[in-house]
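# Requesting a structural model of the entry that follows:
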Amino acid sequence: MLSPVRAVHIALSWLTVLPLPQPTVTMDRKVGAAVMAAVPVVGTVLGVLAAGFAAALALTDLPAMMIGLLVVAALALVTRGMHIDGLADTADGLGCYGPLERVAEVMKSGSSGPFGVAAVVVVLAVQAVGFGALTQQHRFYDLAFAIALGRLVAVIGARRGLQAARPEGFGALVAGTQKRSLVGWMAAAVVGAVAVGWQPDDLDVPAAIGAVAVVAVVAAFGWLATAHCARRAGGVNGDILGAGTEVGVAIAVIGLLV
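Residues are numbered from 1 along each chain as shown. From the prediction side, this is the model:
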């Protein structure tokens, strides 16, 4: 069994381009389960890095929208754009309205159709505008929290009861592996949400309650969206988890700004 530190190391090396020693491990479902349970930690690291980058850009005269775009671009570079690719493939697959075989074929094609392009443009635009607005308001914790919270959708998509779409690939390694970790990360997300309302001398109760509601909305979206995608695609795959992550971040940003 992998230690939590080892799982986080593998997850970071797997899901980011951060300069870490490459782990020597044979990938199987046990490793996949441990790595998947560590995905929110990866989101937290990315959120902290993005918030720091946004804070540095806030010291310049750049407009908020440009700062938001640069944060989105930086996240895409650090994650190799894999979630964005998954969003495009998932949108194209769902948009084809064909049988399971056709959906799987479209998602595996590697090319982006109109649904995929539209989904990527809308979701990344929402993120960019949202990151820019949070930066303008100096809400850097909220920015980091939104990025981390989006990764909760990936854990939800790997929950018990959802099978893999194919017997090979990322989905086969992680589908149906998460149960206890999901409960733990939900609780952690609620604690993180309460911290949104934390002030130096007091707690902004309405802000904290609103952030907890955002967690509930993101979790509900993750549960329903991954279930729907699994029905349409014959199971869960890496594209679906990546798409859920990107949309989850966008929903979190909107919720925190409302």
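
# which residues of the stretch 51-200 of the chain score low on pLDDT?
109-111 (pLDDT under 70).

# just the helices in it please.
64-78, 82-95, 100-108, 114-136, 140-157, 170-174, 180-196 (DSSP state H, counting those that start in this stretch).

# between those, which one is nearest to residue 223?
Nearest of the helices of the stretch 51-200 of the chain to residue 223, taken as CB to CB: helix 140-157 at 5.6 Å. C-beta coordinates here come from the backbone N, C-alpha and C atoms, glycine included.

# Tell me the helices and strands packed up against the closest one.
Other elements packing on helix 140-157 under the criterion 3 or more CB pairs under 8 Å, 6 or more residues apart in numbering; DSSP states H and E are helix 29-37, helix 39-57, helix 114-136, helix 180-196, helix 205-233, helix 238-257.

# Can you convert those into JSON lines and add a column each for distance to residue 78 and mean neighbour count?
Shown next, in JSON lines, are the helices and strands packed on helix 140-157 (distance: least, CB to CB, whole Å; neighbours: other CB atoms under 10 Å):
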{"stretch": "helix 29-37", "distance to residue 78": "17", "mean neighbour count": "21"}
{"stretch": "helix 39-57", "distance to residue 78": "6", "mean neighbour count": "21"}
{"stretch": "helix 114-136", "distance to residue 78": "14", "mean neighbour count": "20"}
{"stretch": "helix 180-196", "distance to residue 78": "21", "mean neighbour count": "17"}
{"stretch": "helix 205-233", "distance to residue 78": "21", "mean neighbour count": "18"}
{"stretch": "helix 238-257", "distance to residue 78": "13", "mean neighbour count": "26"}
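
# of all those helices, which lies closest to residue 105?
helix 205-233 (10.6 Å).

# distance of residue 75 from residue 144?
Separation of residue 75 from residue 144 (CB to CB, to the nearest Å): 11 Å.

# still on that earlier bit, with distance to residue 156 as extra columns, can I get the helices and strands packed on helix 140-157 in a markdown table?
Below are the helices and strands packed on helix 140-157 laid out as a markdown table (distance: least, CB to CB, whole Å):
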| stretch | distance to residue 156 |
| --- | --- |
| helix 29-37 | 11 |
| helix 39-57 | 11 |
| helix 114-136 | 18 |
| helix 180-196 | 6 |
| helix 205-233 | 4 |
| helix 238-257 | 7 |
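
# how about those helices, which one is nearest residue 83?
helix 238-257 (3.9 Å).
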